[in-house]
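need coordinates for the below:
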Amino acid sequence: AVTRLNSIVVNQLIDRGVPAVAISPFAARQGLTEAVTNAIDMGLLPVTHGDAVFDFDQYAILSGDDILEQLCTGAVVKRAIFVSDIPCVYDRDPASS
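Predicted structure coming up:
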């Protein structure tokens, strides 16, 4: 589902003249920062998403928040936009409230 949403977002951006490119966190797990940096250097807008990724000998969830933290640590990101089906922004886990 997240890959399909990513594809829709990228295609809509391209249809509007934005040079967007999808970068899968599953495919780029070990080199995500490098993949995003290369896309930016080529004048492209990288669009990624959280997903289940293979982490050593097991699968793990790599969230969009984790991806953004990783990209910011590498000083790659100046701006970020999150697309979600949640109708608001939470400042804490709503399940624990």
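
what segments of the chain are helices?
2-15, 32-41, 64-73 (DSSP state H).

please point out which parts of the second one sit buried.
The neighbour-count criterion (16 or more other C-beta atoms under 10 Å) identifies 32-33, 35-37, 39 as the buried residues of helix 32-41. Any C-beta I mention is one placed from the backbone N, CA and C, and that applies to glycine too.

I8: which of the residues you listed is nearest?
A39 (18.6 Å; C-beta to C-beta).

who's the nearest residue to the closest one once chain neighbours are set aside bridged to?
In space, A39 comes closest to P46 once its chain neighbours are excluded; the distance is 4.2 Å by C-beta to C-beta, 6 or more residues apart in numbering. Counting by DSSP bridges, P46 is bridged to V21.

what pLDDT does the model give the most centrally placed residue in the chain?
Centroid-nearest residue in the chain, with C-alpha atoms, centre = their mean: T48, separated by 2.8 Å. Per-residue pLDDT puts T48 at 88.

in contact with it, which residues?
Neighbour list for T48: 6, 22-25, 28, 32, 36, 64, 67 [criterion: C-beta atoms under 8 Å, 6 or more residues apart in numbering].

need these in JSON lines (columns: distance to R16 and pLDDT).
JSON lines is the format used below for the contacts of T48 (distance: C-beta to C-beta, whole Å; pLDDT from 0 to 100):
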{"residue": "N6", "distance to R16": "16", "pLDDT": "89"}
{"residue": "A22", "distance to R16": "16", "pLDDT": "92"}
{"residue": "I23", "distance to R16": "19", "pLDDT": "89"}
{"residue": "S24", "distance to R16": "22", "pLDDT": "83"}
{"residue": "P25", "distance to R16": "24", "pLDDT": "79"}
{"residue": "A28", "distance to R16": "25", "pLDDT": "58"}
{"residue": "L32", "distance to R16": "25", "pLDDT": "81"}
{"residue": "V36", "distance to R16": "21", "pLDDT": "87"}
{"residue": "G64", "distance to R16": "22", "pLDDT": "81"}
{"residue": "I67", "distance to R16": "24", "pLDDT": "82"}
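
no further queries at this time; thank you.
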